[in-house]
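K.L.:
have a look at this prediction, sequence included:
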Amino acid sequence: MAESESVTSIDRRAFLKAAGVATGAAVAGGIPGIVAAQKAPSFPKGTRLSILEWVSFVPASDVEFKRLAAEFGKLAGVEVTADLINMNDLNPRIASAIETKAGPDIIMMINNWPHLYADGLADVDDVAEEIAKRDGGFYDISRRINMVDGRWKAAPFTMGSGVWNYREDWFKEVGANKFPDTWDELRKVGTALKKKNLPVGQAFGHSLGDPNSWAYAVTWCFGATEIDDKGKVVINSKETIEALKFTVAFWKDCLDDGGLAWDDSNNNRAFLAGTISATINGASIYFVAKRQFPEIAKAMNHAHMPKGPAGRFYYQGGQAHGVMKYSKNQQVAKEFLRWFMDRPQYDKYIAANDGYVGGPTPYWEKHPLWEKDPKLVTFRDAPKFGRWTGYPGQPSRKASEALVKYILVDMYAQAIKGMKPEDAAKWAEAELKKAYA
């Protein structure tokens with residue numbers, strides 16, 4: 001991240017100063033004075049804090065998280081451990097910790113998992129409302145996915161979207177001087193690219209990020225939803241069948257044949273190997289390209305999800321931090337979250353991510369990193385088109401169950417494998433009724 005630090009360090013200080021916060025200081029209403037003033041802490045000697053996070057697709061992000069965790073430990077006189085594991089391994093670890101009532105004090109929550117694990121999470125209303133008050137309120141989707149029955153069950157941490165990573169040079173070779181604005185237009189361009197042996201790539205395996213980014217977004221773009229606003233399962237609709245028919249045609253005309261077995265890393269490797277021309281992903285492909293394949297980075301760009309008959313939408317979730325109800329260190333955990341999310345610390349974390357994730361409030365849309373590289377602006381703006389799993393109903397434990405069971409992903413995968421779209425929609429209806437029962 002040397003490039004990021006050298007370019008943004010001065011701008012970042014100006015950014016914080018303009019916000020009325022000097023780097024290294026805490027804002028009013030932030031962490032306790034004993035920590036903010038870097039004085040001796042009041043926590044009992046021997047206090048420990050254990051944190052469980054995902055392994056980010058941006059290595060510098062993990063380095064900065066651990067550095068900040070260690071810094072808090074020194075300031076607070078607390079022994080802090082931060083364990084990082086694969087994103088897809090978080091779900092079983094959380095379930096096991098809650099069942100055994102033992103494990104980390106803080107665990108990362110993804111998407112609307114706070115609804116799935118609400119009974120095992122402590123309320124963090126004080127922390128969340130403090131952050132919201134300071135930074136002008138959370139995005140609506142952050143509030144919805146982290147609040148359960150009016151109580152904050154996790155403190156919003158970041159927002160992340162999978163947007164289209166694509167090769168501008170190859171798109172221009174088939175007459176597309178900009179990324180197509182609609183799904184039908186993208187299919188035409190994708191067909192031409194596949195004929196040149198430059199297919200589009202899309203994952204349909206069981207992985208939390210990229211497969212769901214297609215399944216939910218395309219469903220919404222075609223006007224379909226899992227449930228209605230009353231919670232009734234309505235996936236078996238003409239809109240869903242049209243989305244399925246489109247996906248099957250897109251698969252045949254445009255997509256790489258390996259995608260049914262892909263997870264969140266396969267498409268990264270394929271793009272960087274030059275075997276696919278576009279894929280839905282975070283900014284991690286771009287960051288690796290800038291470090292290792294500068295010619296690819298120069299030739300690629302990012303674009304929004306195309307519009308469908310119902311509009312443009314993203315599967316949008318983000319990450320949050322849950323304080324576990326079984327934890328004997330809940331107060332220490334909350335103070336860590338207050339401190340980490342305070343601007344001087346969180347600014348460093350956002351800068352280390354370099355655009356891979358954004359903040360949970362619109363305040364962070366003003367960060368200088370977005371001006372540093374215009375190719376990242378798509379990620380900044382994506383939350384404006386975001387919806388939550390279970391839309392238009394409220395986020396719920398049931399919607400979380402449908403998400404972690406990959407029901408929508410499997411609906412599309414089965415249609416691609418040859419199941420009639422009408423039968424795939426009926427299958428999804430039956431599975432969703434079990435989840436939403």
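P.N.:
It's in.
K.L.:
for residue 73, see how far away residue 107 is.
P.N.:
18 Å (CB to CB, to the nearest Å). For glycine as for every other residue, the C-beta is placed from the backbone atoms N, C-alpha and C.
K.L.:
higher neighbour count, the two?
P.N.:
residue 107 (27 against 19; other CB atoms under 10 Å).
K.L.:
contact partners for that one?
P.N.:
By CB atoms under 8 Å, 6 or more residues apart in numbering, residue 107 lies in contact with 51, 52, 90, 93, 94, 97, 321, 322, 324.
K.L.:
doesn't it fall inside a strand?
P.N.:
Yes: with DSSP: H, G, I helix; E, B strand; the rest coil as the criterion, residue 107 is assigned to a strand.
K.L.:
dig out what it forms beta bridges with.
P.N.:
residue 52, residue 322 (DSSP bridges).
K.L.:
that one and residue 159: what is the separation?
P.N.:
19 Å.
K.L.:
picking that back up, by neighbours, which of the contacts of residue 107 wins?
P.N.:
Busiest of the contacts of residue 107 [other CB under 10 Å] is residue 322, holding 30 neighbours.
K.L.:
settle this for me: that residue is touching residue 105, isn't it.
P.N.:
No: using CB atoms under 8 Å, residue 322 is not in contact with residue 105; the gap is 9.8 Å.
K.L.:
where are the low-confidence patches of the stretch 301-437 of the chain?
P.N.:
Low-confidence regions of the stretch 301-437 of the chain, defined by pLDDT under 70, are absent; no residue qualifies.
K.L.:
let me see the ranges of the helices in it.
P.N.:
Here the stretch 301-437 of the chain has its helices, by DSSP state H, counting those that start in this stretch, at 330-341, 343-353, 369-372, 377-381, 397-404, 407-417, 421-435.
K.L.:
export the ones you listed to CSV and tack on mean neighbour count?
P.N.:
Formatted as CSV, these follow (neighbours: other CB atoms under 10 Å):
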stretch, mean neighbour count
helix 330-341, 22
helix 343-353, 22
helix 369-372, 18
helix 377-381, 18
helix 397-404, 23
helix 407-417, 22
helix 421-435, 18
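K.L.:
turn these into a markdown table, columns for distance to residue 245.
P.N.:
Formatted as a markdown table, these follow (distance: least, CB to CB, whole Å):
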| stretch | distance to residue 245 |
| --- | --- |
| helix 330-341 | 44 |
| helix 343-353 | 38 |
| helix 369-372 | 38 |
| helix 377-381 | 28 |
| helix 397-404 | 22 |
| helix 407-417 | 8 |
| helix 421-435 | 5 |
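K.L.:
of all those helices, which lies closest to residue 62?
P.N.:
Of all those, it is helix 343-353 that lies closest to residue 62, at 8.8 Å by CB to CB.
K.L.:
any idea of the angle that closest one forms with helix 330-341?
P.N.:
70 degrees (axes from the mean of the first three to the mean of the last three CA atoms, to 10 degrees).
K.L.:
just list what helix 343-353 packs against, helices and strands only.
P.N.:
In terms of contacts (3 or more CB pairs under 8 Å, 6 or more residues apart in numbering; DSSP states H and E), helix 343-353 is packed against helix 2-18, helix 59-76, helix 330-341.
K.L.:
spatially nearest residue to residue 233 (excluding sequence neighbours)?
P.N.:
Spatially, and ignoring its direct neighbours in sequence, residue 233 is nearest to residue 432 (4.6 Å; CB to CB, 6 or more residues apart in numbering).
K.L.:
next one: residue 257
P.N.:
residue 199 (8.0 Å).
K.L.:
shouldn't that neighbour be in contact with residue 258?
P.N.:
No: using CB under 8 Å, residue 199 is not in contact with residue 258, being 9.5 Å away.
K.L.:
so between these two, which is more surrounded?
P.N.:
Neighbours per residue (other CB under 10 Å) separate residue 199 from residue 258, with residue 199 holding more: 25 against 18.
K.L.:
and the more buried one, what's its pLDDT?
P.N.:
In this model, residue 199 is scored at 98, pLDDT.
K.L.:
between the helices and strands packed on helix 343-353, which gets the lowest average pLDDT?
P.N.:
helix 2-18 (a mean of 39).
K.L.:
just the angle for the one helix or strand residue 89 maps to relative to helix 397-404, thanks.
P.N.:
Per DSSP states H and E: residue 89 is located in helix 87-100. For helix 87-100 and helix 397-404, the angle between their directions (the same axes, to 10 degrees) works out to 140 degrees.
K.L.:
same for helix 87-100, what does it pack against?
P.N.:
By 3+ CB pairs under 8 Å, 6+ apart, helix 87-100 packs against strand 48-54, strand 106-110.
K.L.:
list the buried residues in the first one.
P.N.:
Right, the one you point to is strand 48-54. Within strand 48-54, the residues that count as buried by 16 or more other CB atoms under 10 Å are 49, 50, 51, 52, 53, 54.
K.L.:
surely the third one is in contact with residue 80?
P.N.:
Yes: between residue 51 and residue 80 there is a contact at 7.0 Å, judged by CB under 8 Å.
K.L.:
any shared contact partners between those two?
P.N.:
What both residue 51 and residue 80 touch, as defined by CB under 8 Å, 6+ apart, is the set 69, 336.
K.L.:
for burial, what's the neighbour tally of residue 81?
P.N.:
The burial count for residue 81: 15, using other CB under 10 Å.
K.L.:
check the one 10 residues further on too.
P.N.:
Each residue near residue 91 was counted by other CB under 10 Å, and the total is 17.
K.L.:
give me the nearest residue to it, chain neighbours excluded.
P.N.:
Closest to residue 91 by CB to CB, 6+ apart is residue 404, at 5.8 Å.
K.L.:
next one: residue 142
P.N.:
residue 156 (4.2 Å).
K.L.:
quick one, phi psi at the one you found?
P.N.:
The phi/psi pair for residue 156 (degrees, to the nearest 10) reads phi -50, psi 140.
K.L.:
so if we follow the domain assignment, how does this structure break up?
P.N.:
2-160+317-383, 163-315+405-435 (automatic domain parsing).
K.L.:
want to throw those into a markdown table with distance to residue 399?
P.N.:
What follows is the domains of the chain, written out as a markdown table (distance: least, CB to CB, whole Å):
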| stretch | distance to residue 399 |
| --- | --- |
| domain 2-160+317-383 | 6 |
| domain 163-315+405-435 | 7 |
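K.L.:
buried set for stretch 144-160?
P.N.:
Buried residues in stretch 144-160, counted by 16+ other CB under 10 Å: 144-148, 152-160.
K.L.:
hmm, back to that, ok, the residue nearest to residue 142 touching residue 320?
P.N.:
Yes: shown here, residue 156 and residue 320 form a contact pair, counting by CB under 8 Å, at 5.0 Å.
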